[in-house]
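Participant: I would like the atomic coordinates for the input below:
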Amino acid sequence: MKASRDMRHRFYRWFFRGLGVVWPIVSGLMLVMVTLGLVIAKVEGWPLGEGLYFSFVTGLTIGYGDLVPKHELSRILAIAIGFAGIVMAGLIAAVGVQALHKSLGREEISQN
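Facilitator: Below you'll find the model as predicted:
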């Protein structure tokens, strides 16, 4: 029990350390997603909250379909939001994998 708790603590330590490294990129991607969501809200005539909601649902590739952009510009911006969200999710997943390797005591991933 103690070993798993220690490993979990090591994982969190390495994970948050890794997030600190990529945080400028992740925060920039979030800023892009927020900005594009607000632009889409303005173009579509949606309330700002719905534009932000649409942006993160699209960026996280959930896509409920309850809000659908009708204008061509909004659809193009939605594609950009999707790409930004995929890159952001990939960065966070990569940090998680690296933290797991380090918490298990594997400093380097072999290239063989």
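
Participant: for the lengthiest helix in the chain, packing partners?
Facilitator: As assigned by DSSP state H, the longest helix anywhere in the chain is helix 2-44. On a contact count with 3 or more Cβ pairs under 8 Å, 6 or more residues apart in numbering; DSSP states H and E, helix 2-44 meets helix 48-59, helix 72-103. For glycine as for every other residue, the C-beta is placed from the backbone atoms N, C-alpha and C.

Participant: for these, which one ends up most surrounded?
Facilitator: Compared across these, helix 48-59 shows the largest average neighbour count, a mean of 19 (mean count of other Cβ atoms under 10 Å).

Participant: elements contacting that one?
Facilitator: Using 3+ Cβ pairs under 8 Å, 6+ apart: helix 48-59 touches helix 2-44, helix 72-103.

Participant: can you list those helices in CSV and add distance to residue 60 and mean pLDDT?
Facilitator: Formatted as CSV, the helices and strands packed on helix 48-59 follow (distance: least, Cβ to Cβ, whole Å; pLDDT from 0 to 100):
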stretch, distance to residue 60, mean pLDDT
helix 2-44, 9, 96
helix 72-103, 5, 96
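
Participant: isn't residue 52 right up against residue 34?
Facilitator: Yes: assessed by Cβ atoms under 8 Å, residue 52 is found in contact with residue 34 at 6.4 Å.

Participant: what is the end-to-end distance of stretch 39-59?
Facilitator: End-to-end distance of stretch 39-59 (Cα to Cα, to the nearest Å): 15 Å.

Participant: specify the local secondary structure of residue 66.
Facilitator: Three-state call for residue 66 (DSSP: H, G, I helix; E, B strand; the rest coil): coil.

Participant: returning to what we had before: how about the helices and strands packed on helix 2-44 in a markdown table, adding distance to residue 40?
Facilitator: Putting the helices and strands packed on helix 2-44 into a markdown table (distance: least, Cβ to Cβ, whole Å) gives the following:
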| stretch | distance to residue 40 |
| --- | --- |
| helix 48-59 | 5 |
| helix 72-103 | 5 |
